[in-house]
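>>> With the input below, show me the fold.
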Amino acid sequence: MTDPFPTLLTLAQVLERLKGIVGRTYLLQHLNRMPEFESHPTHRRIGRRIVFYPEDIQYLLASLESRHERNSKHSGSVGIPEPTAEKAYAAVVTLLKQKRAELAAQKKARRRR
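You can find the predicted model right below:
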């Protein structure tokens, strides 16, 4: 019998073709983040299986390239600075102290009744 979908590629076949470019984990993360590129699908799902048509491969490759270009352009730029561990810890401690004081005040109010 002939295959009803002769041009359909599985994830394993695509990974074999992209060997040395991307790995399985990175590709799965990328497909989750970018199910479409320029309003075209980068992959399809049949049940739980991920499959690709030849035109999907073209858009997948284009999305991988554009993502790489965006990352290389923005790697040197400084965006919003992330808080240091000390600042984050101090903020959490302050919040916990406030909540503790609120709970103590509520307990005192209950006792007075």
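>>> Please enumerate the strands of this structure.
Assigned by DSSP state E, the chain shows strands spanning 9-10, 36-37, 40-41, 44-46, 49-52.
>>> Take the ones you listed and write them to JSON lines, including distance to residue 23 and mean pLDDT.
Just so you know, the C-beta spots here come from the backbone N, C-alpha and C atoms, and that holds for glycine as well. Listed next are these as JSON lines, based on distance: least, CB to CB, whole Å; pLDDT from 0 to 100:
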{"stretch": "strand 9-10", "distance to residue 23": "16", "mean pLDDT": "90"}
{"stretch": "strand 36-37", "distance to residue 23": "20", "mean pLDDT": "88"}
{"stretch": "strand 40-41", "distance to residue 23": "22", "mean pLDDT": "88"}
{"stretch": "strand 44-46", "distance to residue 23": "20", "mean pLDDT": "90"}
{"stretch": "strand 49-52", "distance to residue 23": "15", "mean pLDDT": "91"}
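>>> Out of those, which gets nearest to residue 16?
Closest to residue 16 of those, according to CB to CB: strand 9-10, at 9.4 Å.
>>> tell me what that closest one is packed against?
strand 49-52 (3 or more CB pairs under 8 Å, 6 or more residues apart in numbering; DSSP states H and E).
>>> any chance of the strands of the chain in CSV, plus mean neighbour count and distance to residue 89?
Shown next, in CSV, are the strands of the chain (neighbours: other CB atoms under 10 Å; distance: least, CB to CB, whole Å):
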stretch, mean neighbour count, distance to residue 89
strand 9-10, 16, 47
strand 36-37, 15, 40
strand 40-41, 15, 44
strand 44-46, 11, 43
strand 49-52, 17, 41
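>>> Out of those strands, which gets nearest to residue 88?
Taking those one by one with CB to CB, strand 36-37 is closest: 35.3 Å.
>>> one step back: any chance of JSON lines for the strands of the chain, columns distance to residue 107?
Converted to JSON lines, the strands of the chain look like this (distance: least, CB to CB, whole Å):
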{"stretch": "strand 9-10", "distance to residue 107": "62"}
{"stretch": "strand 36-37", "distance to residue 107": "54"}
{"stretch": "strand 40-41", "distance to residue 107": "57"}
{"stretch": "strand 44-46", "distance to residue 107": "54"}
{"stretch": "strand 49-52", "distance to residue 107": "55"}
